[in-house]
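K.L.:
next come a sequence and a model predicted from it.
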Amino acid sequence: DWTMRAFREEAIEKIRAQVGKGKVICGLSGGVDSSVAAILIHEAIGDQLTCVFVDHGMLRKDEAKTVVDLFRHHYNIPLVHVDASKTFLGELDGVTDPEVKRKTIGRLFIDVFDAEAKKIAALGKGSADFLAQGTLYPDVIESVSFTGGPSVTIKSHHNVGGLPARMNMKLVEPLRELFKDEVRALGRELGLPDVFVGRHPFPGPGLAIRCPGEITREKLDILREADAVYIDQIRKAGLYDTIWQAFAVLLPVKTVGVMGDGRTYDFVVGLRAVTSTDGMTADFYPFDMKFLGETATRIINEVKGVNRVVYDVTSKPPGTIEWE
Ligand code: XMP
């Protein structure tokens with residue numbers, strides 16, 4: 001793609017001019033935007049960049065491994081992998097309110113990231129002067145145009161892009177002029193594997209908001225397994241790229257079932273899949289019944305702790321995409 005090749009060259013020059021010999025820290029979420037920003041910046045300034053990946057313990061199955069493999073091993077980008085699951089799950093113990101969950105995770109995320117940034121600065125190779133972010137053009141617009149708009153908060157968003165307020169660092173935002181499809185094209189230009197470029201969006205608070213009610217390690221483990229089976233089914237059916245976003249939800253309800261000649265009393269998994277262009281509105285995806293039946297059977301057979309599966313047929317509005 002000629003446009004993206006030209007953009008890449010120009011962006012690299014701009015990053016070099018802005019950063020000079022300074023140090024840059026980039027928070028990785030595993031999403032496309034922060035990944036593309038990190039790879040581009042690494043191309044521009046090499047090991048002056050350090051990436052920080054905060055694992056809050058509410059990621060999808062194998063997510064940390066995927067991110068570490070890609071950045072450390074494939075791209076050779078210095079990456080600090082922080083396992084902060086104890087801190088996060090500890091603070092979330094007993095929390096059931098969706099907004100409290102979101103705000104707790106957002107606050108802890110900044111604390112953990114800030115502590116890592118200070119450690120990296122203290123390594124003595126000069127201080128970290130810049131914070132890199134995968135901010136896109138729509139993010140820039142949205143944060144401006146919302147002033148004076150409706151004042152109802154549906155959900156307090158947390159994402160890796162929300163870091164700067166308390167951090168007092170200069171920002172490097174090489175994707176500020178791009179739309180999502182352009183970032184994907186740039187990602188391909190930078191050699192980011194297709195499966196990575198085409199990933200469904202994943203919210204900053206992670207599985208916490210797909211586990212309505214209290215979050216426990218046991219529930220998160222069940223949810224991770226069920227979600228992995230569901231996504232595998234969708235990939236095998238060739239539907240992954242048609243669907244905007246699909247995921248499993250673990251309901252805080254146990255129901256009675258029968259398996260062999262025994263009674264079971266286990267959790268219910270909800271399946272969500274939507275089509276959308278921007279996430280602002282969405283339609284539930286009309287799977288055929290055969291697909292849903294087979295997926296339910298696989299989840300119940302393969303995931304211990306689940307004996308019932310339901311499909312969410314709510315569009316947005318009135319439902320939101322995530323359940324919390
Ligand atoms: P809702 O649930 O509001 O979600 O219909 C719309 C889109 O936004 C994603 N989402 C988030 N993304 N931080 C994020 O980075 C968040 O806190 C967050 N909450 C929701 C959601 O997955 C969907 O794609």
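P.N.:
It's in. Numbers count the residues shown, from 1 in each chain.
K.L.:
tell me the secondary structure for Val268?
P.N.:
At Val268 the chain is in strand, as set by DSSP: H, G, I helix; E, B strand; the rest coil.
K.L.:
how far away is it from the ligand?
P.N.:
Using Cβ to the nearest ligand atom, to the nearest Å, we find Val268 at a distance of 20 Å from the ligand. Every residue, glycine included, has its C-beta placed from N, CA and C.
K.L.:
ok, that residue - contacts?
P.N.:
Neighbour list for Val268: Leu250, Leu251, Val253, Lys254, Thr255, Val306, Asn307, Arg308, Val309, Val310 [criterion: Cβ atoms under 8 Å, 6 or more residues apart in numbering].
K.L.:
please name the bridge partners of Val249.
P.N.:
Counting by DSSP bridges, Val249 is bridged to Gly270.
K.L.:
please apply the same query to the one 10 residues further on.
P.N.:
Beta-bridge pairing of Met259, defined through DSSP bridges, involves Gly262.
K.L.:
now stretch 207-226: mean pLDDT?
P.N.:
Averaging pLDDT along stretch 207-226 gives 98.
K.L.:
show me how far that stretch is from its chain's centre.
P.N.:
Centroid displacement of stretch 207-226 relative to its chain, using Cα atoms, centre = their mean, to the nearest Å, is 15 Å.
K.L.:
could you list the low-pLDDT ranges of this protein?
P.N.:
Flagging of the chain using pLDDT under 70 yields the residue ranges 124-128, 142-151, 161-166.
K.L.:
tell me which parts of it are close to the ligand?
P.N.:
Within the chain, the residues that sit near the ligand (Cβ under 6 Å from any ligand atom) are 155, 157-159, 201, 203-205, 245, 279, 316, 320-322.
K.L.:
can you select the buried ones from these in ChimeraX?
P.N.:
Selecting just the buried residues from these in ChimeraX takes one command, with 16 or more other Cβ atoms under 10 Å as the test:
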select :158,159,201,203,204,205,245,316,321,322
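K.L.:
returning to that earlier point: what subset of the contacts of Val268 is buried?
P.N.:
Buried among the contacts of Val268 by 16+ other Cβ under 10 Å: Leu250, Leu251, Val306, Asn307, Arg308, Val309.
K.L.:
check contacts around the last one.
P.N.:
Translated: Val309. Val268, Val269, Gly270, Leu271, Thr295, Ala296, Ile299, Ile300.
K.L.:
could I get these in TSV, plus columns for distance to Gly27?
P.N.:
Putting the contacts of Val309 into TSV (distance: Cβ to Cβ, whole Å) gives the following:
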residue	distance to Gly27
Val268	35
Val269	31
Gly270	30
Leu271	30
Thr295	34
Ala296	37
Ile299	33
Ile300	38
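K.L.:
neighbour-wise, which of those leads?
P.N.:
Neighbour tally across the contacts of Val309 (other Cβ atoms under 10 Å): the maximum, 27 neighbours, falls on Val269.
K.L.:
which residues touch that residue?
P.N.:
When contacts are counted by Cβ under 8 Å, 6+ apart, Val269 touches 222-223, 226, 248-251, 299, 303, 306, 308-310.
K.L.:
same check on Arg184?
P.N.:
Taking Cβ under 8 Å, 6+ apart, one finds Val32, Val197, Gly198 in contact with Arg184.
K.L.:
of the contacts of Val309, which is the nearest to Ile110?
P.N.:
Top of the list for closeness to Ile110, among the contacts of Val309 and by Cβ to Cβ, is Gly270 at 30.6 Å.
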